[in-house]
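Novice: Quick one: sequence and predicted model below, then my questions.
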Amino acid sequence: PIMRMSKSTAPQPKPAAGSVLFSDDGKYAFPVSGFTGYGCSHWDGVLAVDIEVGQKVFTDPEFNKPVVAYTSGTMNIVEETDYGGKDFILAGDDGRFYYYAHNCQIFATVGQRVNAGEVLAITDQTGKNAQITVEHTHFAIGNTNSFYSGGTVCAQRDFAEKFSSLKNRCPSSALCAPPK
């Protein structure tokens, strides 16, 4: 079996937000500060995106980048699950819900008000679905707080609409397209 290298589980201090990418109107912040890339569709065809932070192989040292609020809102769920690891859902003031999975540590609590760009967690590889992949944040957008099979909104299309610097990152025909 493939074993992930162990790392300290000691609590880490909340990091500074770093270089947060804000939307053109300033109401949204890209979910991971210092991200290095993301796919145009998700490997299993769900409406979600894995945002990478720089690892080349899953056994490389972790980067633990700041995970930030995509928009202002209220923390709806903070939990630890088998597949998502340390995950949470942000209920946005825009009426949508935002799911973040595979975090190392979550700094926000249920009911807490947060602002776009505020640090909520640190990236990691927690949960069964992330232990043999490179460190990333699994991110999904939905119209309800249920994310059993992904979101209901194509996150990559949402990024292209809100962030002009990401507009041409993926060809429109590839956005959230099912795997071939």
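Specialist: Noted; the coordinates are in hand. Not measured: the values here are computed from a predicted model.
Novice: Show me the strands in this protein, by range?
Specialist: 37-38, 49-52, 66-68, 73-81, 85-92, 97-106, 113-114, 119-123, 136-142 (DSSP state E).
Novice: Need the winner for burial among these.
Specialist: With neighbours taken as mean count of other Cβ atoms under 10 Å, these reach their highest mean count in strand 66-68, at a mean of 27. Bear in mind the C-beta positions are built from the backbone N, C-alpha and C, glycine included.
Novice: Let me see the residues that make contact with that one.
Specialist: Contacting residues not belonging to strand 66-68 are listed as 15-18, 20, 29-34, 100, 103, 116-123, 137 [Cβ atoms under 8 Å, 6 or more residues apart in numbering].
Novice: 6 Å instead?
Specialist: 15, 17-18, 20, 29, 32-33, 100, 117, 119-121, 123, 137 (Cβ atoms under 6 Å, 6 or more residues apart in numbering).
Novice: Using CSV, lay out those residues together with distance to residue 107 and pLDDT.
Specialist: Converted to CSV, the contacts of strand 66-68 look like this (distance: Cβ to Cβ, whole Å; pLDDT from 0 to 100):
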residue, distance to residue 107, pLDDT
15, 9, 81
17, 12, 82
18, 14, 80
20, 15, 93
29, 15, 97
32, 15, 93
33, 13, 91
100, 12, 94
117, 14, 96
119, 6, 96
120, 6, 96
121, 6, 94
123, 13, 87
137, 14, 88
